[in-house]
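S.K.: make a model of this:
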Amino acid sequence: MNCLDYQAGRCRSCSTIEVPYPLQLAAKQARAESALAPFAPEWLPARASAETGFRNKAKLAVGGSVQEPTLGILDPVGQGIDLARCPLYPDALRAAFEPLRAFLVAARVPPYELATRRGEAKYLHLFEAPGTGELMLRIVLRSREPLDRIRKAMPELLQSCPRLSCVSANLLPQHAALLEGPEEIPLIGEGVRARLNDITLYLHPGAFFQTHSGLAAALYRQARTWLDDSSIQRVLDLYCGVGGFALHLAAGQREVLGVESSAQAVAGARRAAADAGLAARFECADATRWEHGLPAGFDAIVVNPPRRGLGVALCAELSNSAPRWILYSSCAVDTLAADLARLPGYRAIRAQVFDFFPHTAHFETLVLLQRLDLA
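M.R.: Below you'll find the predicted structure:
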């Protein structure tokens, strides 16, 4: 991939960009196979990405000045580096960058300065919903001070970005290395619709969604194919988010229960299930703090935990509930390997790498586990 900002030394986010992409993918496959070698799954070919234009989300640090804001990253001393031409973003996101810059100027929102701890605009989070093209914007601010000016400038922004259907302000008052704060202030709309495969998802500001729409669709298709082959009827989906896995697996009137700690994500998943007429239920709960153990009677359990993995306690609960199948999606192959070692009653039978993060060392791994007494 040719990147002028990398060549000029302005950005080093893509740490493996100088490695030809086929070699990047081969290295990730080798890394995954090495980490999971003790479990000896059958490996499917890795799912490759396009080399450019694959990200559906831009998390842009705001720098520069109130008259000339930069959108991109901050250098080690807190100065803004503009990445408006970054080749990772598709045309729909890049086309919005200049209107967003003009919007910040019109609303007179000063960039937050790390050195002085003054200013307001910290980040712009821009998301393009797959399948519908709807855009969602979150403006991360230090305080409420610029909100009236932001509201006043909003009509011009909506005119220049007609696909922008949801805008919110997120308050991050702390001087901390965080991308968002706890308070969300709706400005326009409540969220966006995304369409993956044959499933509609409803996403609210701050909802987790994979940054690579094409491979997210492939990941959910593969999960459905593997569990279709296993003739299962009842599925428990932990860390279900807005319902990506759960809704795909509920096709064919399979009974699915999704568990998620975000009440907004649960509300969106319930709406999607109702619209599609699927036998999927969703419960707002913390998967790592299930008070009375995991519910019994499920043929398969799906887990897609944060990078830290499941941990000892939840792996023990999984073993105690003893589903016939466990489907594990992981963005951290080392914690995946550690969790598989904590599930001695299961055998990894299939695995596949999905390259959600080209030009970096990161990737997603999907593994299907079968209970040993069924092997």
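S.K.: nearest spatial neighbour of residue 230, skipping sequence neighbours?
M.R.: Distances taken as CB to CB, 6 or more residues apart in numbering place residue 325 nearest to residue 230, at 5.6 Å, with adjacent residues excluded. For every residue, glycine as well, the C-beta is placed using N, CA and C.
S.K.: which sections of this structure are below the confidence cut-off?
M.R.: For the chain, residues meeting the criterion pLDDT under 70 lie at 252, 289-292, 375.
S.K.: contacting residues around the residue nearest to residue 230?
M.R.: 227, 230, 232, 299, 300, 301, 368, 369, 370, 371 (CB atoms under 8 Å, 6 or more residues apart in numbering).
S.K.: among those residues, which lie within helices?
M.R.: Among these, DSSP state H puts residue 227 in helices.
S.K.: out of the contacts of residue 325, the closest to residue 28 would be?
M.R.: Distance to residue 28 across those (CB to CB) is lowest for residue 368, with 19.1 Å.
S.K.: the closest one bridge partners, please.
M.R.: residue 327, residue 350 (DSSP bridges).
S.K.: ok, residue 203 next?
M.R.: Taking DSSP bridges, one obtains residue 192 as the residues bridged to residue 203.
S.K.: ok, residue 59 next?
M.R.: residue 125.
S.K.: isn't residue 215 right up against residue 355?
M.R.: Yes: the criterion here is CB atoms under 8 Å, and residue 215 meets it with residue 355 at 6.9 Å.
S.K.: list the contacts for residue 312?
M.R.: residue 342.
S.K.: at 10 Å what do you get?
M.R.: Going by CB atoms under 10 Å, 6 or more residues apart in numbering, residue 312 touches 338, 339, 342.
S.K.: ditto for residue 83
M.R.: Counted by CB under 10 Å, 6+ apart, residue 83 has contacts 3, 5, 10-11, 13, 58, 60-61, 70-73, 89, 97.
S.K.: let's verify the residue lying closest to residue 310 once chain neighbours are set aside: helix, strand, or coil?
M.R.: Using CB to CB, 6+ apart and skipping the chain neighbours, the partner closest in space to residue 310 is residue 339 (4.7 Å). For residue 339, the secondary structure call by DSSP: H, G, I helix; E, B strand; the rest coil comes out as helix.
S.K.: alpha carbons of whichever strand or helix holds residue 273, as PDB, please.
M.R.: Residue 273 is located in helix 263-276, with elements delineated by DSSP states H and E. The C-alpha trace of helix 263-276 is given here as PDB (Å, rounded to 0.1, in the frame of the first residue of the first chain):
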ATOM      1  CA  ALA A 263     -28.700  -1.600  27.700                       C
ATOM      2  CA  GLN A 264     -28.700   0.400  24.500                       C
ATOM      3  CA  ALA A 265     -27.100  -2.500  22.600                       C
ATOM      4  CA  VAL A 266     -29.700  -4.900  24.000                       C
ATOM      5  CA  ALA A 267     -32.500  -2.600  22.900                       C
ATOM      6  CA  GLY A 268     -31.100  -2.400  19.400                       C
ATOM      7  CA  ALA A 269     -30.700  -6.200  19.200                       C
ATOM      8  CA  ARG A 270     -34.300  -6.700  20.500                       C
ATOM      9  CA  ARG A 271     -35.600  -4.300  17.800                       C
ATOM     10  CA  ALA A 272     -33.600  -6.100  15.100                       C
ATOM     11  CA  ALA A 273     -35.000  -9.600  16.200                       C
ATOM     12  CA  ALA A 274     -38.500  -8.300  16.300                       C
ATOM     13  CA  ASP A 275     -38.300  -6.700  12.800                       C
ATOM     14  CA  ALA A 276     -36.900 -10.000  11.400                       C
END
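S.K.: helices and strands around it, which ones?
M.R.: Packing partners of helix 263-276 (3 or more CB pairs under 10 Å, 6 or more residues apart in numbering; DSSP states H and E): strand 192-196, strand 199-203, helix 244-249, strand 255-260, strand 280-284.
S.K.: go through these and pick out the most buried.
M.R.: Among the helices and strands packed on helix 263-276, helix 244-249 has the highest mean neighbour count (mean count of other CB atoms under 10 Å), at a mean of 28.
S.K.: would CSV of the helices and strands packed on helix 263-276 with distance to residue 17 be doable?
M.R.: Conversion of those to CSV gives the following (distance: least, CB to CB, whole Å):
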stretch, distance to residue 17
strand 192-196, 28
strand 199-203, 29
helix 244-249, 29
strand 255-260, 35
strand 280-284, 39
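S.K.: and of these, who's closest to residue 184?
M.R.: strand 199-203 (13.2 Å).
S.K.: hey, C-alpha coordinates of the closest one in CSV?
M.R.: The C-alpha atoms that make up strand 199-203 are tabulated as CSV, following Å, rounded to 0.1, in the frame of the first residue of the first chain:
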residue,chain,number,x,y,z
ILE,A,199,-29.5,-9.2,8.8
THR,A,200,-30.3,-5.7,9.8
LEU,A,201,-28.5,-4.3,12.9
TYR,A,202,-29.3,-1.2,14.9
LEU,A,203,-26.3,0.7,16.2
